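**Student:** based on what follows, work out the 3D shape:
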Amino acid sequence: MRPVLRILSVLTSAFPLWVLAAGILAVIRPTLFTWFSGPLITIGLGVIMLSMGMTLGFEDFRRVGRERGRVLPGVLLQYTVMPTLGWSLGYLFDLPTPFAVGLILVSCCPGGTASNVISYLAKADVALSVTMTMLSTLVAALMTPTLTELLAGSRVDVPARGLLLSTVQVVILPVVGGALIKWRFPRAIEAVLPVAPLVAVVAITLIVASIIGAGREQILEAWPRLVLAVFSLHVFGFLVGYAAGKGLLGSEIAARTVSIEVGMQNSGLGVLLAQQNFASPLVAIPSALSSVFHSLVGSLVAAWWRRSAPEET
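**Tutor:** Numbers count the residues shown, from 1 in each chain. A predicted model of the protein is given here:
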């Protein structure tokens with residue numbers, strides 16, 4: 001059993017490589033991934049969120065209250081630093097309206113579950129990362145529609161109610177459902193849990209590659225500005241997250257954890273919200289690219305910090 005668990009762990013930890021490879025393949029041969037579309041994307045994101053919920057217990061929810069002094073600053077930065085960057089970079093790079101709105105949308109999404117994997121690889125505080133991801137996900141039903149409407153409303157009609165309902169359906173319900181399943185059937189979840197992270201990795205990889213493949217022509221046409229904008233969003237997210245986390249929390253490990261949490265978004269949610277609530281399919285493309293770049297930047301950061309792990313615990 002141990003060799004199997006080790007293989008599953010290695011495959012899951014290679015998540016950034018899978019996303020990067022799939023993204024490149026999607027540009028070269030879109031048909032390899034464009035079949036994964038429509039309801040499959042909704043199901044895929046639901047599986048990801050359900051997997052996240054199954055890794056949580058109600059103790060994790062209680063920990064938010066106990067450790068709010070460490071958790072709340074990270075969540076506050078998630079919903080201030082990234083939306084500000086998304087809005088600013090859209091104007092700085094003079095992106096076409098659909099891409100600018102898509103960049104704002106993904107910047108207003110909660111932290112991604114991949115941040116927990118990167119935190120583990122970087123020897124950061126995984127428990128703090130999971131707690132921040134959970135809380136930012138739970139408040140996304142309010143924050144993501146509100147911030148998107150506030151920042152993108154001048155460019156396009158933002159269906160805030162639709163964003164709210166979509167977020168509740170594909171994020172809140174699966175996460176809470178996963179936690180309830182774990183509480184009610186703990187032994188069954190113990191058997192499934194080792195496979196769940198890898199299933200989530202496969203799902204997000206397919207979602208990202210599908211959107212990139214479908215928007216291949218538009219990506220190639222606008223790629224210099226679009227790619228630089230999305231890449232900058234995550235680079236500055238990591239940098240500002242680290243600096244602010246260090247200033248607010250003091251601890252080096254906590255600062256690194258906040259940096260990872262702020263710099264990595266739930267790009268799969270951004271894809272789904274864009275597809276379900278905006279007329280232009282181009283709005284989903286920044287979210288797909290976001291998944292590739294935050295995984296790449298996160299992996300580089302993790303490799304660097306892993307070599308210089310702080311002594312504090």
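**Student:** got the buried residues for the longest helix along the chain?
**Tutor:** In the chain, taking DSSP state H as the definition, the longest helix is helix 216-249. By neighbour count on 16 or more other Cβ atoms under 10 Å, the buried set for helix 216-249 is 216, 218-219, 222, 226-227, 229-238, 240-242, 244-246, 248-249. The C-beta positions use only the backbone N, C-alpha and C, and glycine is treated the same way.
**Student:** where in the stretch 51-200 of the chain is pLDDT low?
**Tutor:** Scanning the stretch 51-200 of the chain for pLDDT under 70 picks out 56-61, 63-65, 155-158, 160.
**Student:** all the helices of it, residue numbers only.
**Tutor:** Secondary structure of the stretch 51-200 of the chain (DSSP state H, counting those that start in this stretch): helices located at 58-66, 68-78, 81-92, 97-107, 114-121, 126-138, 140-152, 160-167, 173-184, 186-192, 196-214.
**Student:** next, the angle from the longest one to helix 114-121.
**Tutor:** What it means is helix 196-214. Calculated by axes from the mean of the first three to the mean of the last three Cα atoms, to 10 degrees, helix 196-214 forms an angle of 120 degrees with helix 114-121.
**Student:** cool, and the second one?
**Tutor:** Following the same axes, to 10 degrees, one obtains 120 degrees for the angle between helix 68-78 and helix 114-121.
**Student:** also the fourth one?
**Tutor:** With the same axes, to 10 degrees as the criterion, the two stretches helix 97-107 and helix 114-121 enclose an angle of 50 degrees.
**Student:** so which bits of stretch 86-94 are buried?
**Tutor:** For stretch 86-94, the neighbour count (16+ other Cβ under 10 Å) marks 86-90, 93 as buried.
**Student:** could these be laid out in TSV, adding distance to Val283?
**Tutor:** Listed next are the buried residues of stretch 86-94 as TSV, based on distance: Cβ to Cβ, whole Å:
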residue	distance to Val283
Gly86	13
Trp87	15
Ser88	18
Leu89	16
Gly90	12
Phe93	16
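**Student:** of these, closest to Gln265?
**Tutor:** Closest approach to Gln265 among those (Cβ to Cβ): Gly86, at 9.3 Å.
**Student:** for Ile43, see how far away the closest one is.
**Tutor:** 27 Å (Cβ to Cβ, to the nearest Å).
**Student:** next one: Pro30
**Tutor:** Pro30 is 21 Å from Ile43, where distance means Cβ to Cβ.
**Student:** looking at these two now, which is surrounded by more residues?
**Tutor:** Taking other Cβ atoms under 10 Å, Pro30 and Ile43 do not tie; Pro30 has more neighbours (17 against 13).
**Student:** could you list which residues are in contact with the closest residue to the more buried one other than its chain neighbours?
**Tutor:** Nearest residue to Pro30, sequence neighbours excluded (Cβ to Cβ, 6 or more residues apart in numbering): Gly213, at 3.4 Å. Listed by Cβ atoms under 8 Å, 6 or more residues apart in numbering, the contact partners of Gly213 are 26-27, 29-34.
**Student:** quick one on the thing from earlier: what about the longest helix of the chain, average pLDDT?
**Tutor:** When pLDDT is averaged over helix 216-249, the result is 89.
**Student:** packing partners for it?
**Tutor:** Identification of packing neighbours for helix 216-249 by 3 or more Cβ pairs under 8 Å, 6 or more residues apart in numbering; DSSP states H and E yields helix 15-28, helix 68-78, helix 81-92, helix 97-107, helix 252-263, helix 285-307.
**Student:** please consider this matter closed, and thank you.
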